[in-house]
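J.: 3D, please:
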Amino acid sequence: MKDIVKPIAVLASICLAVTALLAFVNSVTSPIIQKAAEEKAAAARNEVLGEANGEFDTLSDEDMEKLGLPAEITEVSKAKNGSGMVISVTVKGYGGDIKLMLGIKSDGSIEKIYTLEHSETSGIGSRVVDNKSGYSDKYIGKTEDSYSEVDAISGATISSKAYKKAISIAYEGFDIVKEAA
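T.: Sure thing, here's the model as predicted:
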């Protein structure tokens, strides 16, 4: 009987120690990771809507739900000076989620689009969502009525359609928030 109990007790002790260590590491690193993510999001907001001078009012999840915003919209930040809004959207692409942040000026034109995260295929779909590829620059100055005129990247049709879908959802949110103001 001792031959069975002793290994089980040792294994359970090891599992308990590893679990406690992982919990401790998580408690130490979680706030650091969250702070870095918030700083990255703030920098991205400033990049996509520079006219806001870094001053935004971000809608709470409760306010977004009350307004009936699409579920794909993860954040809406209105510029305090009225220059526009920054809207974050998550849509399904070819390789997984595509998370975009769009700066839409108060006149409804796109100032800039920034990709926060993506899982698109390297070299093909990633050309659509890579911030350095220049594809997002084709949308600068486009409005709700004209953004669909931008051509898809050949060979990356699903990623291109997902990108346009994200823009469409962002405009839907923009219109809802603007109307509610």
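J.: All the helices of this structure, residue numbers only.
T.: 2-48, 61-67, 126-129, 157-180 (DSSP state H).
J.: Please identify the deepest-packed of those.
T.: Comparing these by mean neighbour count (mean count of other Cβ atoms under 10 Å), helix 126-129 ranks first with a mean of 23. Placement of C-beta: from N, CA and C, glycine included.
J.: Can you name every helix or strand that that one contacts?
T.: With contacts taken as 3 or more Cβ pairs under 8 Å, 6 or more residues apart in numbering; DSSP states H and E, helix 126-129 sits against helix 157-180.
J.: Convert the helix it packs on to PDB, retaining C-alpha atoms only.
T.: Only the C-alpha atoms of helix 157-180 are listed here, as PDB (Å, rounded to 0.1, in the frame of the first residue of the first chain):
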ATOM      1  CA  THR A 157      -9.400  37.900 -50.800                       C
ATOM      2  CA  ILE A 158     -10.600  36.600 -47.400                       C
ATOM      3  CA  SER A 159      -8.300  38.900 -45.500                       C
ATOM      4  CA  SER A 160      -9.300  41.900 -47.700                       C
ATOM      5  CA  LYS A 161     -13.000  41.200 -47.200                       C
ATOM      6  CA  ALA A 162     -12.500  40.900 -43.400                       C
ATOM      7  CA  TYR A 163     -10.600  44.200 -43.400                       C
ATOM      8  CA  LYS A 164     -13.500  45.900 -45.300                       C
ATOM      9  CA  LYS A 165     -16.000  44.200 -43.000                       C
ATOM     10  CA  ALA A 166     -14.100  45.700 -40.000                       C
ATOM     11  CA  ILE A 167     -14.400  49.200 -41.600                       C
ATOM     12  CA  SER A 168     -18.100  48.700 -42.200                       C
ATOM     13  CA  ILE A 169     -18.700  47.700 -38.600                       C
ATOM     14  CA  ALA A 170     -16.600  50.700 -37.400                       C
ATOM     15  CA  TYR A 171     -18.800  53.000 -39.500                       C
ATOM     16  CA  GLU A 172     -21.900  51.400 -38.100                       C
ATOM     17  CA  GLY A 173     -20.600  52.100 -34.600                       C
ATOM     18  CA  PHE A 174     -19.500  55.600 -35.600                       C
ATOM     19  CA  ASP A 175     -23.000  56.400 -36.900                       C
ATOM     20  CA  ILE A 176     -24.700  55.000 -33.700                       C
ATOM     21  CA  VAL A 177     -22.500  56.900 -31.300                       C
ATOM     22  CA  LYS A 178     -22.700  60.200 -33.400                       C
ATOM     23  CA  GLU A 179     -26.500  59.900 -33.500                       C
ATOM     24  CA  ALA A 180     -26.700  59.300 -29.700                       C
END
